[in-house]
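Participant: what would the 3D arrangement of this be:
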Amino acid sequence: MTGTTVIAASIADRAADVVETIMNAAAIPVIVYFLLINTSLLALIVLAALDFRRHKRRMEFAGREQAVSSRLAPGISVIVSMFNEEAGIVTSITSLLSLRYPRHEVVVVDDGSTDAGFEALRAAFDLVPVSRSLPTDIRSRLSPESVHIPRDGRTRLTVIRKANSGRSDSLNVGINAAVEDLVVFVDADSILEPDALLTVCKPFADEPTRMVATGGVIRAVNGCRTRAGRVIEVRNPPTWLPRIQVVEYLRAFYLGRAGWSRLQSLILISGAFGVFRRDVVVEAGGLDPTTIGEDFELVLRIHRNMRRAKRPYAVRFVAEPVCWTEVPSTRRVLRSQRARWHRGLWETLWAYRHMTFNPRYGRVGMVAVPYYWLFELIAPLLELVGLILVVAGLILGVVNVPAALLFVLVAYGYAMLVTLSALAIEEFTFHRYPRWRDLGTSALASVLENVGYRQATAWWRLKGWWASLTGRKQVWGTMTRQGFGPSGESGPGVS
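Facilitator: Numbers count the residues shown, from 1 in each chain. Down below sits the predicted model:
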């Protein structure tokens, strides 16, 4: 045996000893950690199921038809930030204007688009410039360059043009221009169901003095058949990457949001479909253009302000109103999205770290915020560390086979069960997918999610976290959109 071989063998033996020591020390804590994650999700699914059951019982007496014609319903300003949305902007805005609601307007803020999106709107709605001075209730980085409305004077559409300054700043300009009591943030590539506003705003009518924000369900439109800005047939996407995201969205909304709402601890409302009292948003200072997780940050800021002022308030998730949005269909775009999401999660949690385990903020401070620290932020790190240790142990021949199998069973097998449970509850409650083939595809996607997809997204999330820790510039990335055609299947664009 040569000297080099002896040295290599010695290094391998030491590495094996180190890996074995780490595995012996970390195996049980990591297994317990993932056992707690999945058990907490299972608890949320029970709460969500109870909430859905109550929701279904009350639907018969919801008074939706009366709300359509009621003059007492709160007015709504639907605010859309537009940046290079030429592919589907006319269809999207036409759909928003035709929503069933007694009094709503649509405010579009063109955030310095370089395509022909504005020209498409001008041609479709016969827009003309008007001399209108917008309020400055919320400070914005850049002032509007021009304001346009339809020539007919009846269509409640306002289009504001400005130089590019980001989505959050554009929404703040839209809030300033809004004239109704409630503001709804909707992505330009999204489709709302016809009665979405009626349902998502009902909590404001039920509790007008307490309700400050509500959020609705986000679903993937990829693969669905659309016509004139409406989903006419629900189908699964044609490729596996967006199919897996379908079950991800089900788990996130039907477990996470509904469960947390039931606990009165909802701290995240999706920026793609959220409703807020305008006065509360103005009081909070609007969306923060310096953060990449502006939707999460705004909701936490509202919780903080309300708790500090000791004002009674409520934030609710509403299970039925659906916002259909395109999800990433390529690895490149998905990578950018997940890195951005996790960076926004970290930066917001760090900015509001004073709320963690702080009884002053009630269940939000004592339960919800610590949960996001422990089980949302840290989860990808521990998952990848666990996998690396298992693989290294196998290579070096020191793996504890029972512990490795238990890790896989708890981290992935249990997770599959949770996802399938979410899928089952959604099917029994709302039955969105009429074809057995789509249900089978979703069930298979729940399994395939754990083979490569989860590990890749965990790595991308860690890269986003690391980019923030090292002070790299925030980058949204290019979001190529297919748009919604006048008929047929939607394109595989992204959210």
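
Participant: excluding chain neighbours, what is closest to Val318?
Facilitator: Nearest non-adjacent residue to Val318, counting by Cβ to Cβ, 6 or more residues apart in numbering: Val200, 4.9 Å away. The way it works is simple: take the backbone N, C-alpha and C, and place the C-beta from them, glycine included.

Participant: tell me the contacts of the one you found?
Facilitator: Listed by Cβ atoms under 8 Å, 6 or more residues apart in numbering, the contact partners of Val200 are 184, 214-216, 273, 275, 318, 321.

Participant: excluding sequence neighbours, find me the nearest residue to Leu384.
Facilitator: Nearest one to Leu384, counting by Cβ to Cβ, 6+ apart, is Ala458 at 5.3 Å.

Participant: residues near that neighbour, how many?
Facilitator: Residues lying near Ala458 (other Cβ atoms under 10 Å) number 19.

Participant: shouldn't it be in contact with Gly386?
Facilitator: No: Ala458 is beyond contact range of Gly386, at 10.3 Å (criterion: Cβ atoms under 8 Å).

Participant: coming back round to it: quick one: pLDDT of the residue nearest to Leu384?
Facilitator: Here the pLDDT value assigned to Ala458 is 94.

Participant: shouldn't it be within a helix?
Facilitator: Yes: membership of Ala458 in a helix is supported by DSSP: H, G, I helix; E, B strand; the rest coil.

Participant: so who does it touch?
Facilitator: Counted by Cβ under 8 Å, 6+ apart, Ala458 has contacts 379-380, 383-384.

Participant: distance of it from Leu268?
Facilitator: To Leu268, Ala458 is 19 Å away according to Cβ to Cβ, to the nearest Å.

Participant: distance from stretch 183-193 to the middle of the chain?
Facilitator: Its chain's average C-alpha position is 13 Å from that of stretch 183-193, according to Cα atoms, centre = their mean, to the nearest Å.

Participant: okay, now that stretch: how far is its last residue from its first?
Facilitator: Distance between the two ends of stretch 183-193: 17 Å, counting by Cα to Cα, to the nearest Å.

Participant: now do stretch 268-286
Facilitator: Span of stretch 268-286 from end to end, Cα to Cα: 16 Å.

Participant: now it: buried residues?
Facilitator: Across stretch 268-286, burial judged by 16 or more other Cβ atoms under 10 Å covers 268-278, 280-284, 286.

Participant: how about stretch 342-356?
Facilitator: Buried residues in stretch 342-356 (16+ other Cβ under 10 Å): 342-349, 351-352, 355-356.

Participant: out of those, which one sits closest to Val447?
Facilitator: For the buried residues of stretch 342-356, the residue nearest Val447 by Cβ to Cβ is His342; the value is 24.0 Å.

Participant: what about the lengthiest strand in the chain, average pLDDT?
Facilitator: In the chain, assigned by DSSP state E, the strand with the most residues is strand 314-325. When pLDDT is averaged along strand 314-325, the result is 85.

Participant: got it, and stretch 413-428?
Facilitator: The pLDDT scores in stretch 413-428 average 82.

Participant: ok, now stretch 370-385?
Facilitator: 91.

Participant: go on, stretch 91-109?
Facilitator: Here the average pLDDT along stretch 91-109 is 92.

Participant: and for stretch 252-271?
Facilitator: On average, stretch 252-271 scores 84.

Participant: do stretch 282-296 as well
Facilitator: 92.

Participant: next one: stretch 441-454
Facilitator: 89.

Participant: make sure I have this right: Ile191 is in a strand.
Facilitator: Yes: counting by three-state DSSP, Ile191 is located in a strand.

Participant: count of neighbours near it?
Facilitator: When counting by other Cβ under 10 Å, one arrives at 26 neighbours for Ile191.

Participant: which of the buried residues of stretch 268-286 fall in helices?
Facilitator: Among the buried residues of stretch 268-286, DSSP state H puts 278, 280-284 in helices.

Participant: biggest separation within those, which pair?
Facilitator: Arg278 and Ala284 (10.8 Å).

Participant: what sits against His354?
Facilitator: Taking Cβ under 8 Å, 6+ apart as the definition, His354 has no contacts.

Participant: swap in the one 5 residues further on?
Facilitator: For Pro359, the contacting residues are 365-366, by Cβ under 8 Å, 6+ apart.
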